[in-house]
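> Sharing a model prediction with you, sequence too.
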Amino acid sequence: MAEREAWCCFLLIALFLFPSFSSPVATAAELELLLSFKAAIRDPLHQLAGWNASTSFCHWSGVVCNNNSHVTGIELSARNLSGTLPPALFRLPLVKTVNLSSNALFGEIPAQVFSSSLLQHLNLSNNNFSGPISFPRNPVPSLETLDVSNNLLSGEIPPEIGSFSGLKYLDFGGNSLSGKIPYSITDLRELQDLTLASNELVGQIPPELGLMTSLRWIYLGYNNLSGEIPPEIGNLSSLRHLDLVYNNLTGEIPPSLGNLSELRYLFLYQNRLSGSIPLSIFNLRNIVSLDLSDNSLSGEIPESIINLQNLEILQLFSNNLTGKIPESVSLLTRLKVLQLWSNRFSGEIPRSLGQKNNLTVLDLSTNKLSGRIPDTLCDSRQLFKLILFSNSLSGKLPESLSRCKSLERVRLQNNNFSGELSPELTKLPLVYYLDISGNALSGVVDDRKWEMASLEMLNLARNELAGGLPPSFGSEELEYLDLSDNQFSGVIPASFGGFSELVQLNLAKNRLSGSIPREISSCEKLVNLDVSGNQLSGHLPPTLSSMPVLSELDLAYNSFSGVIPRDLGKIDSLVSVNISHNKLHGPLPLTPAFLAVNSSAVVGNDGLCGGRASSGLPACKTTKRQVEWFFLSALVVLLLLFALSVFFFFFVRQGKEFRAKRIDKEEGGWDLQLFDKKLLDVVTVEDIQLSLREENVMDKDVDGVAYRGTSACSEGGTPFTVKKLFDVPAPSSSFWTEVVGLAKVRHPNVVKTLGICRSDTDGFVVYEFVGGMRLADAVTELSWERRWRVVVGIARALSFLHHRCFPAVIVGQFSAVNVVVDEKGEAHLKLNLPGNIAGDYKAFLSSGYGSPETLEGQALSEKSDVYGLGVLMIELLTGKHPRDPEVGSQSTLVEWARFCYSDCHLETWIDPPMRSHVADIEREIVQTMNLAIQCTAVDPLARPTAADVLKVLESSRRADCLVSRLKNRYFL
């Protein structure tokens, strides 16, 4: 064997010294190296099945040979190969190119990789390589391309990188590299492309980069770099792309950047830059995209911006810029995107803006602009996003907007617009979001035909619109309709019951009369109904009780009469009710929503009675005739005599046991409060105590033990869940008040809090019983259909908690442990208990569900919940736990998913049980992963809201492209 290896080495050396030399034996040596690589690698999709000795390796898939039949290249990108990287390929003496990108290779990159003498191009990107980068003492002088991006590499960039003198392309992006940028990197004088983005690099940008005059591309974004931008970068006359975003760079933008005459893309957003924009920047005649947003820049935009005739995208939002928007912006003929929102611009919008531009996106919101909207904005017929809210714009809305058929998203609220709405404005076919609230618009809107087939959100609130309500808006997709605070009159059209997708309907503060149409109960997705402050009358329709997710109902300041329908209390989701200032009479329903009201929600109804003391209503009294009182009194006396007989018998026969129970209750001082009418007369303290048995244990966590309980008083036994708390807060503690607050949350996908039971020594929280399994234990057992239902169910719960509860309810410590999947496959989210008693926070931070800002000590928020939902989605898609060791000890599941999703085959990251039918579900899988990646963005502001997530999920089965629209839904 030793002789054979020596002979192979001899032949390989000879082959290197005499490249034209070829012999069967030399070919055999290369064959053996290729086969040894195949043997060492995992090939689950059998991509290398054709690698066998029966055919020439020059005909093998992924093998490139020269004219002398020697291997010069290996092209095995995206083959789903896995395992550690064997060094055999790099012993091929004439190999110049090795491309193993977009596979699932892991482990450390062997140092031998960089010892192949003729290697020119090495691409190991989009794998799972981990550990530090290590170079040999004598690196390959011929190496021109080194791409190890999107892996799990850690440690510092070795200073030996400067020894690769021939490098032209270097990409270390998308790893976890730390430390400073080594100064030796500036020795790479032939380098053209430098990417170190999306790492954890610190320190300053080396000024010596200015000596690397061959550079065309610099991408150092998404790190923790600090200090000022070196002015020496202005010496890079060949530079075309400079991206330093999402760092901590300070100081002013160096004027020397104006010397970069070849620059096409300048991205400096999300830093802490200050000062004015150097005038020299506006001499970059080749610039295509300029983004300096999210800094602290001040000063004005000069008229010399007209020099930027190749500019297509200008984004300067979220700064402190002042002055007027220069008229010369209108002369930038290639300009497509102009976003200057959240500054302090004043004056008028340039009068000819859009006339010579190719505008697609215009956002000038939250400034101090005045005057009218120019007629020319949509001259390009490509404008789809028009955002001008929160300025001081005035006048009529231009007729040209009504003819802008390309518009999709229009936000003009909080200005001073007046006049009537053009009839043509209500016929824009692509507009899905229209907000013109908070202006002075007048006239009627029921005199025209609304033909807005895409409309999902319409807000005309706080104007002076009059007349009747339109019977239709021409859309079957309408979700949010706010016509409040106008002067609408007449009745609520019965046709509103046809808005099957409607979630929020606000008609408050108008002059509407008549009754609430029964047809409104057909809006089964309606969560918020507000008709307060009108002149409505008649009885409350009992059909309101058939609305399954109604959460907020405001009927105040009307003239409703009669009694409150008992069935109205059957809506489990109902959280908030306001019936004040009407003519209602009779008792309040004994339901959680009505029992929780305070006096302000019922005041002004002289005939109402009942409820708790907090309602301020008198107790209900019943007037009876004398004879009825007589018989009733007699019946009571007989019952009392019977009860005394039973009591006497019980006392004599079992006095000792009775006295023991009596003592326990006196010493314990039990206080049982139930918030669900189904349990009011069913569950007792004894039922709770009897459930505390080992065989009834359902779950145990840091704050207590959960038991399954059964009521002994109800037929068949009503099940419930009771959690016994380890640490019992004092009866006066705010903890119990907050738990009572959680009891108001009613949603089909949220586990209901039904009551509390406490004494001086013990404390219990009573929950709805949900049969099934914890999601954490059931992930791999669920089909894709059930996993998708789980994601949608949790998104519905979060959307409700964040957007329909006031104040919003933050889940906080969000994980698969908090989710129960019932027998029907529906997901139920368990809310954490409030205060310090709620969970092991340190354990949560290390669970993989904690968002980056939470790990840095920031408070939990809606966006941290969305991050947890994103992690949960990745877990359901991949079958991997957030702390799965297979994703690398230096990484997280989120990072692994982000890197792997970008280029890897679907089969690489999808949970194995779903691979057999991946062809049927591929589109939904990809859309869901795309959404999960957005939910787990590092920047909380870049994450969608829970409502946006739900919208995309529910729409994904109706359209193929709605996921890509998500970004436009949560950015202004």
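Alright, I've got the coordinates.
> With adjacent residues omitted, what lies nearest to Glu862?
Distances taken as Cβ to Cβ, 6 or more residues apart in numbering place His802 nearest to Glu862, at 4.6 Å, with adjacent residues excluded. Every residue, glycine included, has its C-beta placed from N, CA and C.
> Low-confidence stretches in the stretch 451-600 of the chain?
569-570, 592 (pLDDT under 70).
> Would you map the strands across it?
457-459, 464-467, 480-482, 487-490, 504-506, 511-514, 528-530, 535-538, 552-554, 559-562, 576-578, 583-587 (DSSP state E, counting those that start in this stretch).
> I'd like the ones you listed laid out as a markdown table, including mean neighbour count and distance to Arg91.
Listed next are the strands of the stretch 451-600 of the chain as a markdown table, based on neighbours: other Cβ atoms under 10 Å; distance: least, Cβ to Cβ, whole Å:
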| stretch | mean neighbour count | distance to Arg91 |
| --- | --- | --- |
| strand 457-459 | 22 | 63 |
| strand 464-467 | 17 | 79 |
| strand 480-482 | 21 | 65 |
| strand 487-490 | 17 | 81 |
| strand 504-506 | 20 | 67 |
| strand 511-514 | 16 | 84 |
| strand 528-530 | 20 | 69 |
| strand 535-538 | 16 | 85 |
| strand 552-554 | 21 | 71 |
| strand 559-562 | 16 | 87 |
| strand 576-578 | 20 | 73 |
| strand 583-587 | 17 | 89 |
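> For Arg372, give me the pLDDT.
Arg372 is assigned a pLDDT of 96 by the prediction.
> Can you give me the neighbour number for it?
15 (other Cβ atoms under 10 Å).
> Without its sequence neighbours, what residue ends up closest to it?
Gly395 (3.9 Å).
> Next, the contact list for that neighbour, please.
371-373, 417-419 (Cβ atoms under 8 Å, 6 or more residues apart in numbering).
> now the stretch 251-400 of the chain, which segments are flagged as low pLDDT?
Short version for the stretch 251-400 of the chain, where the test is pLDDT under 70: none.
> That one: helices as residue ranges?
With DSSP state H, counting those that start in this stretch as the criterion, the stretch 251-400 of the chain has helices at 399-402.
> again, but for the stretch 451-600 of the chain
592-595.
> just the stretch 651-800 of the chain next, same as before
Secondary structure of the stretch 651-800 of the chain (DSSP H, counting those that start in this stretch): helices located at 685-690, 734-742, 775-778, 784-803.
> How about residues contacting the first one?
Yep, that's helix 685-690 we're talking about. Here helix 685-690 makes contact (Cβ under 8 Å, 6+ apart) with 665, 670, 672, 709-713, 722, 757, 764, 766.
> In this structure the residue nearest to Glu862 contacts Phe814, no?
No - His802 lies out of contact with Phe814 (Cβ atoms under 8 Å); the separation is 11.9 Å.
> okay, and the common contacts of those two?
Common neighbours of His802 and Phe814 (Cβ under 8 Å, 6+ apart) are Asp865.
> buried stuff in the strand or helix carrying Val926?
If you go by DSSP states H and E, Val926 is part of helix 918-935. For helix 918-935, the neighbour count (16 or more other Cβ atoms under 10 Å) marks 921, 924-925, 927-935 as buried.
> likewise stretch 338-356?
338-343, 345, 348-350, 352-356.
> In strands, which of these appear?
338-339, 348 (DSSP state E).
> Now flag whichever of those residues is closest to Asp727.
Of all those, Asp727 sits closest to Gln339, with 51.1 Å by Cβ to Cβ.
> what sits against that closest one?
293, 314-317, 361-363.
> Greatest separation within those residues: which pair is it?
Maximum distance among the contacts of Gln339 (Cβ to Cβ): 15.0 Å, for Ser293 and Leu362.
> picking that back up, Serialize the buried residues of helix 918-935 to CSV and add fields for distance to Leu430 and pLDDT.
Output for the buried residues of helix 918-935, formatted as CSV (distance: Cβ to Cβ, whole Å; pLDDT from 0 to 100):
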residue, distance to Leu430, pLDDT
Ile921, 30, 75
Glu924, 25, 78
Ile925, 28, 81
Gln927, 21, 79
Thr928, 26, 85
Met929, 28, 84
Asn930, 23, 81
Leu931, 23, 86
Ala932, 28, 87
Ile933, 27, 84
Gln934, 23, 84
Cys935, 27, 88
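> mind putting these in JSON lines, distance to Phe735 included?
Shown next, in JSON lines, are the buried residues of helix 918-935 (distance: Cβ to Cβ, whole Å):
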{"residue": "Ile921", "distance to Phe735": "44"}
{"residue": "Glu924", "distance to Phe735": "42"}
{"residue": "Ile925", "distance to Phe735": "42"}
{"residue": "Gln927", "distance to Phe735": "41"}
{"residue": "Thr928", "distance to Phe735": "37"}
{"residue": "Met929", "distance to Phe735": "39"}
{"residue": "Asn930", "distance to Phe735": "40"}
{"residue": "Leu931", "distance to Phe735": "36"}
{"residue": "Ala932", "distance to Phe735": "34"}
{"residue": "Ile933", "distance to Phe735": "37"}
{"residue": "Gln934", "distance to Phe735": "36"}
{"residue": "Cys935", "distance to Phe735": "31"}
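> Which of those sits closest to Arg746?
When the buried residues of helix 918-935 are compared against Arg746 (criterion: Cβ to Cβ), the nearest one is Cys935, at 25.5 Å.
> wait, that closest one sits on Val949?
Yes - the pair Cys935 / Val949 is scored as a contact, 6.5 Å apart, by Cβ under 8 Å.
> which residues do the two both contact?
Counting by Cβ under 8 Å, 6+ apart, the common neighbours of Cys935 and Val949 are 866, 869.
> circling back to that earlier point, quickly name whichever of the buried residues of stretch 338-356 is closest to Ile874.
Looking at those and their distance to Ile874, the nearest is Gln339, at 30.6 Å (Cβ to Cβ).
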